[in-house]
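*Asks:* Got a sequence here, can you build the structure:
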Amino acid sequence: MSSITHMVTFTLYDGKDTPGAEAFLKESANTLALIPGVENFQVLRQVSSKNEFDYSFSMVFANQAAYDAYNDHPVHRKYVEERWEKEVSRFQEIDLIQHEDLA
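*Replies:* Below is the predicted model of the structure:
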């Protein structure tokens, strides 16, 4: 099976390009990138006016088992409960695998 690219695009209650937003992005990267199975963690900033969200996190997992372990990891669950649910106003998740017929 192909690797999974997990992306979440979001907007913060604190706004865009604020000190609070920058702290959230930095602390999130420092927390989430260290969870076992996370590869190529990236923090991305939206530059297109065609998208209603301000930021994205992108990461890769070797397979479904690694992705499931990440979702169930205690650090991830605590992060979602203590930070994500309180500081993110809107979001959309996208989980992708490479189309094997076109690889």
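*Asks:* only C-alpha atoms for contact and neighbour calcs from this point on.
*Replies:* OK.
*Asks:* Now do the contacts for the residue nearest to the spatial centre of the chain.
*Replies:* Here the mean C-alpha position of the chain is nearest to the C-alpha of Phe57 (CA atoms, centre = their mean), at a distance of 3.4 Å. Residues counted as contacts of Phe57 (CA atoms under 8 Å, 6 or more residues apart in numbering) are 7-9, 41-44.
*Asks:* farthest-separated two in these?
*Replies:* Thr9 and Phe41 (13.5 Å; CA to CA).
*Asks:* Give me the buried stretch members for the longest helix seen in the chain, please.
*Replies:* When the chain is parsed with DSSP state H, its longest helix is helix 19-32. Buried residues in helix 19-32, defined by neighbour count with 16 or more other CA atoms under 10 Å: 21, 24-25, 28, 32.
*Asks:* Mind putting those residues into a markdown table with distance to Glu93 and pLDDT?
*Replies:* Supplementary listing: the buried residues of helix 19-32 in a markdown table, determined by distance: CA to CA, whole Å; pLDDT from 0 to 100:
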| residue | distance to Glu93 | pLDDT |
| --- | --- | --- |
| Ala21 | 19 | 97 |
| Phe24 | 18 | 98 |
| Leu25 | 17 | 98 |
| Ser28 | 16 | 98 |
| Leu32 | 15 | 97 |
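*Asks:* Make a markdown table out of those residues and add distance to Glu52.
*Replies:* As requested, these are arranged in a markdown table below (distance: CA to CA, whole Å):
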| residue | distance to Glu52 |
| --- | --- |
| Ala21 | 16 |
| Phe24 | 19 |
| Leu25 | 18 |
| Ser28 | 21 |
| Leu32 | 24 |
